[in-house]
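A.B. asks: Task: produce atomic coordinates for the following.
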Amino acid sequence: MGPGKDSEMGKEMPIIVEGDERFRGSGDKFVVAVAVATSLYHFLFVIGAFQRIGLYIYSDQHYGISLGLLIFLAFLIFPAKRGQQPGKLRWYDILFIIGGLTSCGYHVLFFNLVEDHLLASAPSIIEIFLAIILPIVLIEVVRRIIGIALPILVVLFVIYVFICGQLPGLLHAVPINFTRAVAIFYLSPSGIFGMLVRIYSIIIFPFLLFSSFFQALGASKFFMELATAVAGSYTGGPAKVAIVSSALMGTISGSGPAIAAGTGSVSIPLMKRLGYSSEFAAAVEAVASNGGGITPPVMSLIAFIMSEVTGIPYLQICIAAILPCVLYYTCLFVEVHLEALRIGLKTLSREELPALWPVIKSGSKFLIPIVALVIFLMRGEIAEVSALYAILALIIVAMFSRRKSRPGLRQIIGGLDNAARGMLIIGPTCGLVGVIFGSLNASGIGVTMTGALIDLAHGNLTVLLAMAGVLCFIMGTALDPITIYVFLSALMAPTLVGFGVPIIAAHFFILYWGLVALITPPVCETAFVAAGIAGSDPWRTGWQATRLGICTFILPYAFVYSPALFLKGPPFEVIMAAITGLVGSSLIAVGMIGYLVKPLKWFQRIAVIISGILLIYPGWRTDISGIILAFLGLLPQIRSFAAAKMRKGQSLV
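C.D. replies: Numbering: from 1, shown residues only. From the prediction side, this is the model:
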């Protein structure tokens with residue numbers, strides 16, 4: 001296919017911003033050019049191209065360039081108010097751009113002075129001025145992109161570090177003066193230009209680029225056809241197609257709303273046509289898509305941040321995520337199967353399904369880059385290098401594709417454009433959260449809060465976990481999962497670890513609970529996207545999604561008590577955790593749907609749900625208790641099943 005010509009793959013929406021109303025109307029050529037230049041710069045820096053031609057850009061300079069480009073692009077795309085025309089700059093937009101570029105540019109041009117003044121704790125007048133300007137600019141950028149909640153939180157933390165000496169009790173800390181605050185927020189690597197900016201600009205970007213180009217080649221269409229060919233002929237086929245396709249999409253994109261917008265446009269109409277209610281169809285898609293946030297290797301892009309924060313190798317985090325992800329989807333899979341049996345749905349006919357072998361044959365090329373990514377990760381390569389190798393594999397696949405399937409210039413530009421827009425949602429947020437990190441480090445409130453929360457829980461781990469879950473949910477009503485994780489990984493995770501919780505369990509607890517609000521009212525963004533496609537009531541869809549996604553609430557507590565769920569420990573314990581976890585997840589699904597062979601009474605449903613929870617939790621006592629309770633709760637079902645078999649004259653054996 002020649003450059004610039006339309007094709008099937010050219011019509012696909014980019015995965016990162018798919019379904020995102022905020023990007024509509026922002027396709028101005030100049031905006032696209034800036035976005036493409038931003039992606040090209042990051043790509044060239046990550047592969048070391050500048051160094052090879054003798055242009056040395058140090059890490060501190062790179063952080064300034066990266067953040068400056070994203071600030072510029074953000075003001076081009078996001079107007080100050082909803083309804084204003086994107087791309088049309090107003091006088092205050094220009095002032096913000098000048099302030100942002102000047103503040104970031106100072107780090108680029110005078111990085112040696114920055115280091116000297118930081119060591120001497122003596123910022124210049126210019127640095128003090130820029131240290132005031134940059135947070136203000138970032139606050140405005142983040143307000144336009146994700147809302148007002150995070151900027152308010154940042155302002156409160158900044159105020160706190162100056163007045164904490166006057167506050168009583170647990171909030172009391174040693175205050176810092178203005179000069180030291182400037183050094184921490186603007187000059188220090190623990191502030192704005194710190195770890196989080198490094199993570200998004202060096203580690204996360206290659207994965208965003210890989211995901212964008214992967215989509216440009218038509219991956220979502222292949223995943224949907226593969227899921228339909230594999231699962232479409234079974235009971236509740238379209239719902240299972242939604243689950244399988246969303247799980248596959250989750251391997252390259254961790255954005256639940258984006259996955260719901262992409263796969264839901266096909267799966268939801270299929271589910272409704274087969275007989276599922278609009279609310280149920282939308283809820284299935286929402287929960288399946290939300291699972292993309294816990295599906296390795298991307299995991300909402302949080303896996304990369306988690307690796308940096310905890311020091312746990314990225315590959316180990318991906319391996320640890322496998323079994324919990326399987327349990328999550330098992331529960332949903334059983335739920336849609338039983339719902340189909342309960343309401344007597346038919347299956348899709350073979351004529352409506354694509355043939356499996358032709359689908360695999362035509363789309364097997366999409367598996368090569370994913371396999372390459374996994375292989376390089378398993379060989380011990382760092383995440384960003386593995387992603388670059390996967391991009392190389394993707395380029396090779398594209399070169400050897402049939403002519404009509406090759407990406408043209410239109411798709412290449414679209415992929416670069418989309419990757420930059422994906423960074424817009426992450427980059428400025430990371431810079432602003434750096435202010436919170438600096439506040440925590442400067443005031444020492446993190447250490448104080450650890451002791452305070454433990455005291456507040458009266459030394460009870462269950463109470464502490466409940467408090468952490470509620471805090472995650474409350475923050476999830478206003479913030480995205482990445483921001484929640486970054487904030488609570490600094491504030492709440494050390495508290496859990498100080499209580500004896502394994503570090504990986506503490507961070508996975510925050511990861512899972514950070515996703516809860518995406519399917520739970522009042523916000524339930526992923527459910528709202530799916531409801532828009534299904535034409536269903538958003539609130540009813542949200543409550544339905546909460547019911548179907550029950551494992552999102554249960555599994556985090558199991559992590560704390562069962563390291564075997566992370567595939568860690570003696571083989572026998574891991575195998576038993578997997579078996580009891582799968583059975584437990586299935587029993588929870590039975591209880592939530594209220595049907596197996598025939599409808600369950602309310603007290604039987606409660607008994608079965610509790611038995612499933614007991615089986616997921618570790619220990620032979622809980623396993624035996626769960627088995628006994630499940631037997632009692634399902635005894636009428638077992639009798640009905642046996643009676644039906646006997647009536648048909650079939651042996652129970």
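A.B. asks: low-scoring stretches of the stretch 351-500 of the chain, by residue?
C.D. replies: Along the stretch 351-500 of the chain, the parts satisfying pLDDT under 70 run over 351, 401-407, 444-449.
A.B. asks: how about the helices in it?
C.D. replies: In the stretch 351-500 of the chain, the helices defined using DSSP state H, counting those that start in this stretch lie at 356-363, 367-378, 383-399, 409-443, 445-456, 461-476, 481-491, 493-498.
A.B. asks: what's the pLDDT at residue 37?
C.D. replies: pLDDT recorded at residue 37 is 95.
A.B. asks: who's in contact with it?
C.D. replies: residue 69 (CB atoms under 8 Å, 6 or more residues apart in numbering). Bear in mind the C-beta positions are built from the backbone N, C-alpha and C, glycine included.
A.B. asks: Remind me which helix or strand it belongs to.
C.D. replies: Residue 37 is part of helix 29-46, with elements assigned from DSSP states H and E.
A.B. asks: after that helix comes which helix or strand?
C.D. replies: Sequence order places helix 49-52 as the next helix or strand after helix 29-46, per DSSP H and E.
A.B. asks: Go ahead and confirm residue 103 touches residue 136.
C.D. replies: No. Counting by CB atoms under 8 Å, residue 136 is not a contact partner of residue 103; they are 9.4 Å apart.
A.B. asks: Those two - which one has more neighbours?
C.D. replies: Neighbours were counted for residue 103 and for residue 136 using other CB atoms under 10 Å; residue 103 has more, 26 against 14.
A.B. asks: How much space separates the residue lying closest to that one once chain neighbours are set aside from residue 122?
C.D. replies: Closest residue to residue 103 apart from its sequence neighbours, by CB to CB, 6 or more residues apart in numbering: residue 134 at 3.7 Å. Using CB to CB, to the nearest Å, we find residue 134 at a distance of 19 Å from residue 122.
A.B. asks: Tell me which of the two has more neighbours.
C.D. replies: Higher neighbour count among residue 134 and residue 122: residue 134, with 28 against 13, using other CB under 10 Å.
A.B. asks: so who does that one touch?
C.D. replies: Contacts of residue 134 (CB under 8 Å, 6+ apart): 99-100, 103-104, 186, 192.
A.B. asks: That one looks like it's in a strand, true?
C.D. replies: No. Note on residue 134: no strand contains this position according to DSSP: H, G, I helix; E, B strand; the rest coil, which reports helix.
A.B. asks: Could I get the contacting residues of residue 335?
C.D. replies: If a contact means CB under 8 Å, 6+ apart, then residue 335 has 548, 589, 592-593 as its contacts.
A.B. asks: Tell me the secondary structure at it.
C.D. replies: On the basis of three-state DSSP, residue 335 is classed as helix.
A.B. asks: How about residue 233?
C.D. replies: Quick answer, by three-state DSSP: residue 233 is coil.
A.B. asks: Heading C-terminal from the strand or helix carrying residue 179, find the next helix or strand.
C.D. replies: Assigned by DSSP H and E, residue 179 falls within helix 178-182. Heading C-terminal from helix 178-182, the first helix or strand you meet, by DSSP H and E, is helix 195-198.
A.B. asks: can you list the residues that contact that next one?
C.D. replies: Applying CB under 8 Å, 6+ apart, the external contacts of helix 195-198 come out as 59, 63, 66-67, 189, 305, 308-309, 427, 430-431, 433-434, 437, 486.
A.B. asks: Same question for stretch 320-329.
C.D. replies: Outside stretch 320-329, the residues that reach it (CB under 8 Å, 6+ apart) are 243, 247, 288, 291, 294-296, 299, 303, 504, 508, 512, 551-552, 555, 559, 565-568, 577-578, 581-582, 584-585, 616.
A.B. asks: do that again at 7 Å, thanks
C.D. replies: The contact list for stretch 320-329, computed with CB atoms under 7 Å, 6 or more residues apart in numbering, reads 243, 247, 291, 294-296, 299, 504, 551, 555, 565-567, 578, 581-582, 585.
A.B. asks: same check, this time on stretch 173-182
C.D. replies: 121, 123, 127-128, 131, 161-165, 442-445, 448.
A.B. asks: for that stretch, which positions count as buried?
C.D. replies: Neighbour counts using 16 or more other CB atoms under 10 Å place 173, 175-176, 181-182 of stretch 173-182 among the buried residues.
A.B. asks: same question, stretch 108-128
C.D. replies: Buried-residue list, stretch 108-128, by 16+ other CB under 10 Å: 108, 110-111, 113-114, 117-118, 123, 127-128.
A.B. asks: Show residues contacting it.
C.D. replies: Taking CB under 7 Å, 6+ apart as the rule, stretch 108-128 contacts 58, 60-61, 64-65, 107, 131, 179-180, 182-183, 186-188.
A.B. asks: Rebuild those residues as JSON lines, extending it with pLDDT and distance to residue 603.
C.D. replies: JSON lines is the format used below for those (pLDDT from 0 to 100; distance: CB to CB, whole Å):
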{"residue": "58", "pLDDT": "90", "distance to residue 603": "66"}
{"residue": "60", "pLDDT": "88", "distance to residue 603": "63"}
{"residue": "61", "pLDDT": "93", "distance to residue 603": "66"}
{"residue": "64", "pLDDT": "94", "distance to residue 603": "63"}
{"residue": "65", "pLDDT": "96", "distance to residue 603": "63"}
{"residue": "107", "pLDDT": "90", "distance to residue 603": "64"}
{"residue": "131", "pLDDT": "91", "distance to residue 603": "62"}
{"residue": "179", "pLDDT": "83", "distance to residue 603": "66"}
{"residue": "180", "pLDDT": "82", "distance to residue 603": "62"}
{"residue": "182", "pLDDT": "83", "distance to residue 603": "63"}
{"residue": "183", "pLDDT": "84", "distance to residue 603": "63"}
{"residue": "186", "pLDDT": "89", "distance to residue 603": "61"}
{"residue": "187", "pLDDT": "87", "distance to residue 603": "63"}
{"residue": "188", "pLDDT": "85", "distance to residue 603": "59"}
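A.B. asks: Present these as TSV; the columns should include distance to residue 238.
C.D. replies: Below are the contacts of stretch 108-128 laid out as TSV (distance: CB to CB, whole Å):
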residue	distance to residue 238
58	53
60	52
61	52
64	49
65	47
107	52
131	55
179	63
180	60
182	58
183	58
186	53
187	56
188	53
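A.B. asks: returning to what we had before: between the contacts of stretch 173-182, which sits nearest residue 542?
C.D. replies: residue 445 (34.3 Å; CB to CB).
A.B. asks: circling back: from residue 63, how far off is the residue nearest to residue 103?
C.D. replies: 12 Å.
A.B. asks: Ignoring the adjacent residues along the chain, who's closest to residue 251?
C.D. replies: residue 295 (5.9 Å).
A.B. asks: dump the residue contacts of that neighbour.
C.D. replies: Here residue 295 is in contact with 247, 250-251, 325 (CB under 7 Å, 6+ apart).
A.B. asks: And residue 480, by the same measure?
C.D. replies: Going by CB under 7 Å, 6+ apart, the list of residues near residue 480 reads residue 146.
A.B. asks: And the one 3 residues further on, by the same measure?
C.D. replies: With CB under 7 Å, 6+ apart as the criterion, the residues that contact residue 483 are 150, 429, 433.
A.B. asks: No more questions from me, cheers.
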